[in-house]
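Engineer: The sequence isn't on hand, but the structure is:
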């Protein structure tokens, strides 16, 4: 499941400008109302559309890990304006339903994706709370839109410049996990926010150099009782004097995890080969045991990367 993040703020308070430190190839930008980015943005590609169908197609295909829906509230506002002449209240229900469906679609993208909704704000009906701007009452009364997001930040402007608040003021809907951000007020730099979220939830599978092993010279078949025994062999987990096994082998441990996640041996070998660690032809049973430990610890990130490769069109 992807991480969904909401950035709240009035127009001109630094929501779109917070994208400025991303590299063009790092982020997929859905520009709902087609406005230019408020900074020098040579090389940035944006998709100007408010069609849910088109946006979903783009998000299914993209290989970018960070996705921004800029001025997301206009997905609702534009639909409302197109249907302004329709009688009755049913259209409000449908507009709310369409946006709710889209948020859930984004939440169900691969686990290493972060989707940012840049959203204008309004005051709640009781006049006490600053919240995400919506259309109609369904999303406010039946859902609470911010509850569908893992992190909610709000723009802040003062004499020192532009920033994001990271904790609830008592009069807004801001939230972030304990320890994700050191300060209650941080710079309005969405790239830094992205890095903090990925580090906090350990989202990216990219093995550090010290766990990228060289191929072992030993022949696994010549290591009786070692860590490279074929778990399909009839003697596995049988303890005797000649083959003193002590529970599951390293390959047995990761095989169990792969089965739980629905990952085939070939898919794991392909993702490891993509990272330049072992050639695809190398059997998992030949992997260094320390590297297998690393794979098991990072299986959620690996699973997310594999799911993204299986069928980008969904």
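Structural biologist: Looks like it came in fine. Bear in mind the structure is a predicted one, so any value in this text is a computation, not a measurement.
Engineer: Mind listing what's buried along whichever strand in the chain runs longest?
Structural biologist: Criterion DSSP state E: the longest strand present in the chain is strand 151-158. For strand 151-158, the neighbour count (16 or more other C-beta atoms under 10 Å) marks 151-156 as buried. The way it works is simple: take the backbone N, C-alpha and C, and place the C-beta from them, glycine included.
Engineer: go on, stretch 63-80?
Structural biologist: By neighbour count on 16+ other C-beta under 10 Å, the buried set for stretch 63-80 is 65-80.
Engineer: tell me how far that stretch is from the chain's mean position?
Structural biologist: 16 Å (C-alpha atoms, centre = their mean, to the nearest Å).
Engineer: got any ranges where the protein has weak pLDDT?
Structural biologist: The model of the chain has pLDDT under 70 over residues 213-249, 308-309, 311-314.
Engineer: Next up, the contacts around residue 275.
Structural biologist: Residue 275 makes contact with 205-207, 212 under the criterion C-beta atoms under 8 Å, 6 or more residues apart in numbering.
Engineer: Pull the residues that contact the helix or strand containing residue 28.
Structural biologist: Under the criterion of DSSP states H and E, residue 28 resides in strand 27-31. Residues from elsewhere that reach strand 27-31, judged by C-beta under 8 Å, 6+ apart: 19, 37, 44-49, 55, 58-59, 62, 64, 66-71.
Engineer: please redo it, this time with the cut-off set to 6 Å
Structural biologist: Strand 27-31 is contacted by residues 46-48, 55, 62, 64, 66-70 when judged by C-beta atoms under 6 Å, 6 or more residues apart in numbering.
Engineer: give me the number of residues near residue 21?
Structural biologist: Residues near residue 21, counting by other C-beta atoms under 10 Å, number 13.
Engineer: Same question for residue 261.
Structural biologist: Close neighbours of residue 261, defined as other C-beta under 10 Å, add up to 15.
Engineer: Now for it: which residues touch it?
Structural biologist: Taking C-beta under 6 Å, 6+ apart, we find residue 261 in contact with residue 303.
Engineer: what about residue 95, which helix or strand?
Structural biologist: Using DSSP H and E, residue 95 sits in helix 90-107.
Engineer: Residue nearest the middle of the chain, spatially speaking?
Structural biologist: Centroid-nearest residue in the chain, with C-alpha atoms, centre = their mean: residue 113, separated by 2.4 Å.
Engineer: for that residue, phi and psi?
Structural biologist: Taking degrees, to the nearest 10, you get phi -90, psi 140 for the backbone angles of residue 113.
Engineer: re earlier: name every strand pairing with the strand holding residue 28 and say which way it goes.
Structural biologist: Paired neighbours of strand 27-31 in the sheet (DSSP bridges): strand 46-47 (parallel), strand 66-70 (parallel).
Engineer: immediately after the longest one, which helix or strand?
Structural biologist: It refers to strand 66-70. That would be, after strand 66-70 and using DSSP H and E, helix 73-82.
Engineer: Tell me what angle that following helix forms with helix 90-107.
Structural biologist: Put simply, helix 73-82 runs at 150 degrees to helix 90-107, going by axes from the mean of the first three to the mean of the last three C-alpha atoms, to 10 degrees.
Engineer: Output the contacting helices and strands for helix 73-82.
Structural biologist: In terms of contacts (3 or more C-beta pairs under 6 Å, 6 or more residues apart in numbering; DSSP states H and E), helix 73-82 is packed against helix 90-107.
Engineer: Mind listing what's buried along the helix it packs on?
Structural biologist: Quick answer for helix 90-107 (16+ other C-beta under 10 Å): 91-92, 95-96, 99-100, 102-103, 105-107.
Engineer: Next: stretch 45-63.
Structural biologist: Within stretch 45-63, the residues that count as buried by 16+ other C-beta under 10 Å are 46-47, 49-50, 55-56, 58-59, 62.
Engineer: next one: stretch 291-301
Structural biologist: By neighbour count with 16+ other C-beta under 10 Å, stretch 291-301 contains the buried residues 291-292, 294-295, 298-301.
Engineer: what does stretch 106-122 give?
Structural biologist: Using 16+ other C-beta under 10 Å as the test for burial, stretch 106-122 gives 106-107, 109-122.
Engineer: Helices - which of these land there?
Structural biologist: Secondary structure from DSSP state H places 106-107 of these in helices.
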